[in-house]
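Chemist: below is the structure, and that's it, no one-letter string:
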């Protein structure tokens, strides 16, 4: 779990947690974006945010990693206990936990999922402990009531409601175990101690099972009722259902990767296929051996379906699967051999676990490391805004909304147009998305809101032409450009002085004009000198200036300054290793050098 944090949601989580700790209250109105400012609103995942912020406040970046380590280790320790309680002996459970951690890795950012992992693991532990105790009690004729801690599910589910909209899974798990209680056959009662007659065993079952069945149903009802006792009442509880019924098919939300189906090309190295294919096969194999577990089959169907349908639930899939798969593998192995994995030397087991991790660890991204990966955030652009007093109505990419809220402390005149939760009305979200691809839609949106400044992502994805639209719009001036962001201000707005003083007149923010500019620079020395001056300014404005250095290298090539071009390309490659066409230009320089040496000249 130790790799640099790059999640854009982090900054809004921290901004919200900071606000609560500083004001000692939860906001009940929309204060995160300006178009719907003041509307009645619910702050999602408020409990997680309140718990996370003290870690940052006390230890900074280290605190965020401590949170990741503690939550992961706690959740997996509880899952280890669940697997052991389910009689997954030997090293099977350990190996499965390591494999699960590789899939969980992609969900291990400082997000609500990390807190939910603990809650989900604890729920499984409570329910499996209860199930095992009831099975043993039925066999021996003793009462399990005194050892039943399932009442703790009520506060656990209450916390889950406050922590994340995924609380519906918590209730689903409880319902599945309740359904298991309705099954007369108890899977764990496979052997009967001497002296316990069938008649006495059946008598005990007749006494215990009605109580067991009624208890989980009562706990479900009590937990559902208590869920409404929260700072936002029914609005908080209804959030996931509103999304499912009204918002999940909105065009903008369908563009968000984590809401889309699992991408197999990104999960071949981490062992996800082994869970998706292996768990159902093991569960069915158990059923064919006459030991069908309705709880396992139901959980497998629920979480496999949810995980494959939405990437955000892949982590929950492997967390739930791990103890069951460990149990089934141990049972499968023991049926074929009395030897268990526990005889293997600890170093051999550890080596095998490490070997499983190597393919995932050697992925290009994310690589092991410590710190924050801020390459995609408008850090320097916001510094420019602060220095030069850029304020007013904004337009931004929604995944930069969290950074804006964190950087400017949710200042009213620098609120984002849209935040990480895509706050606003369905109409706003539709208009926002259309503006990226349709020039007319962009003009309509701008006329409707009359933006004072635009903070746009510098990397243009397929179908994103907004930078080019802004370049062509003479009502805006480009005042800041680096690898992460382009900042535009309205020429006749509150930042007109900034536009006059810092506006780029030649260098575009998008890519549509670059080819024509390059051709013009080849034939016009005056234009080339002016372009070079603007590129040098962009290079000096931000440490993230690989694009400016790369374009300056092109200017140097036009002017036959090959040593300067080589140095600029190395600079660009150092800042951004994925800078385009670097190798081709190095080859061009090498060919020029070779030609000069052949002629006996100076390169």
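Modeler: That came through, no problem. Treat the numbers as computed from the prediction; the structure is a model and nothing was measured.

Chemist: outline the domain layout of the chain.
Modeler: For the chain, the structural domains run 61-361, 379-506, 515-599, going by automatic domain parsing.

Chemist: least reliable of these going by mean pLDDT?
Modeler: The stretch with the lowest average pLDDT out of those is domain 61-361, scoring a mean of 84.

Chemist: ok, and the closest non-adjacent residue to the residue nearest the centre of the chain?
Modeler: The centroid of the chain falls nearest to residue 107 when counting by Cα atoms, centre = their mean (5.6 Å). Among residues not flanking residue 107 along the chain, residue 315 sits closest, at 3.4 Å (Cβ to Cβ, 6 or more residues apart in numbering). C-betas here are computed from N, CA, C, even on glycine.

Chemist: in contact with the one you found, which residues?
Modeler: The contact partners of residue 315, by Cβ atoms under 8 Å, 6 or more residues apart in numbering, come to 103, 104, 106, 107, 108, 113, 117.

Chemist: TSV for the domains of the chain, including distance to residue 53?
Modeler: Shown next, in TSV, are the domains of the chain (distance: least, Cβ to Cβ, whole Å):
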stretch	distance to residue 53
domain 61-361	9
domain 379-506	11
domain 515-599	27
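
Chemist: out of those domains, the one nearest residue 47 is which?
Modeler: With Cβ to Cβ as the measure, domain 61-361 is the member of these nearest residue 47 (3.6 Å).

Chemist: name the element residue 315 belongs to?
Modeler: helix 314-334 (DSSP states H and E).

Chemist: same deal with residue 487?
Modeler: Per DSSP H and E, residue 487 falls inside strand 485-490.

Chemist: next: residue 229.
Modeler: Using DSSP H and E, no helix or strand contains residue 229.

Chemist: for residue 4, find the nearest of the domains of the chain.
Modeler: The closest of the domains of the chain to residue 4 is domain 61-361. By Cβ to Cβ, the value is 9.3 Å.

Chemist: neighbours around residue 131, how many?
Modeler: Neighbour count for residue 131, taken as other Cβ atoms under 10 Å: 23.

Chemist: quick revisit: list the buried residues for the helix holding residue 315?
Modeler: 314-331, 333 (16 or more other Cβ atoms under 10 Å).

Chemist: tell me the contacts of the residue nearest to the centre of the chain?
Modeler: 113, 114, 312, 314, 315.

Chemist: between those residues, which sits nearest residue 441?
Modeler: So of these, ranked by how close each gets to residue 441 (Cβ to Cβ), first place is residue 312, at 28.7 Å.

Chemist: so the closest one sits against residue 260, correct?
Modeler: No - counting by Cβ atoms under 8 Å, residue 260 is not a contact partner of residue 312; they are 9.3 Å apart.

Chemist: re the thing from before, wait, which of the domains of the chain is closest to residue 14?
Modeler: Of all those, it is domain 379-506 that lies closest to residue 14, at 5.7 Å by Cβ to Cβ.

Chemist: how far off centre is the closest one?
Modeler: Chain-centre distance of domain 379-506: 24 Å, with Cα atoms, centre = their mean, to the nearest Å.

Chemist: endpoints of it, how far apart?
Modeler: In domain 379-506, first residue to last residue: 24 Å (Cα to Cα, to the nearest Å).

Chemist: go on, stretch 417-436?
Modeler: 14 Å.

Chemist: that older thread, okay, residue 312 and residue 260: which has more neighbours?
Modeler: Looking at residue 312 and residue 260 with other Cβ under 10 Å, you find the greater number of neighbours at residue 312, namely 19 against 14.

Chemist: dump the residue contacts of the more buried one.
Modeler: Contacts of residue 312 (Cβ under 8 Å, 6+ apart): 107, 113, 258, 259.

Chemist: in helices, which of those fall?
Modeler: Counting by DSSP state H, the part of those found in helices is residue 113.

Chemist: which of the contacts of residue 312 are buried, as a ChimeraX select command?
Modeler: Buried members of those, defined by 16+ other Cβ under 10 Å, are picked up in ChimeraX with:
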select :107,113
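
Chemist: with distance to residue 360 as new columns, can the contacts of residue 312 be given to me in CSV?
Modeler: As requested, the contacts of residue 312 are arranged in CSV below (distance: Cβ to Cβ, whole Å):
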residue, distance to residue 360
107, 13
113, 18
258, 18
259, 23
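
Chemist: ok, the contacts of residue 312 vs residue 425, which is closest?
Modeler: residue 259 (18.9 Å).

Chemist: test my guess that that closest one contacts residue 313.
Modeler: No - using Cβ under 8 Å, residue 259 makes no contact with residue 313, being 10.0 Å away.

Chemist: element containing the residue nearest to residue 554 when sequence neighbours are not counted?
Modeler: Distances taken as Cβ to Cβ, 6+ apart place residue 518 nearest to residue 554, at 6.4 Å, with adjacent residues excluded. Here residue 518, judged by DSSP H and E, is contained in helix 514-523.

Chemist: run the chain-centre distance for that helix.
Modeler: Centre to centre, stretch against its chain (Cα atoms, centre = their mean), the figure for helix 514-523 is 41 Å.

Chemist: quick one: the following helix or strand past that helix to helix 514-523, angle?
Modeler: Per DSSP H and E, the first helix or strand lying C-terminal to helix 514-523 is helix 525-541. Put simply, helix 525-541 runs at 120 degrees to helix 514-523, going by axes from the mean of the first three to the mean of the last three Cα atoms, to 10 degrees.

Chemist: torsion angles phi and psi at residue 455?
Modeler: For residue 455, the backbone dihedrals (degrees, to the nearest 10) come out as phi -110, psi 100.

Chemist: so who does it touch?
Modeler: Counting by Cβ under 8 Å, 6+ apart, residue 455 has contacts 378, 381, 394, 395, 396, 397, 400, 404, 485, 486, 487.

Chemist: the residues you listed: which two are farthest apart?
Modeler: The widest separation within these (Cβ to Cβ) is 14.8 Å, between 404 and 486.

Chemist: for the two, indicate the residue with more neighbours.
Modeler: Neighbours of residue 404 and residue 486, each counted by other Cβ under 10 Å, are more numerous for residue 404; the result is 28 against 24.

Chemist: need the next SSE after the helix or strand the more buried one falls within, C-terminal direction.
Modeler: Per DSSP H and E: residue 404 is located in helix 401-407. Downstream of helix 401-407, the first helix or strand assigned by DSSP H and E is helix 426-437.

Chemist: picking up where we left off before, buried set for the helix holding residue 404?
Modeler: So, applying 16+ other Cβ under 10 Å, buried residues of helix 401-407: 401, 402, 403, 404, 405, 406, 407.

Chemist: now stretch 87-96
Modeler: 88, 89, 90, 91, 92, 93, 94, 95, 96.

Chemist: outside of it itself, list whatever touches it.
Modeler: In contact with stretch 87-96 (Cβ under 8 Å, 6+ apart) are residues 80, 83-84, 322-323, 325-327, 329-331, 333, 340-342, 344, 349, 352-353, 356.

Chemist: and what of stretch 577-593?
Modeler: 546-547, 550, 553-554, 557, 560, 562, 565-566, 569, 572-573, 603.

Chemist: from the residues you listed, which land in helices?
Modeler: Going by DSSP H, the helices hold 546, 547, 550, 553, 554, 557, 562, 565, 566, 569, 572, 573 from the contacts of stretch 577-593.
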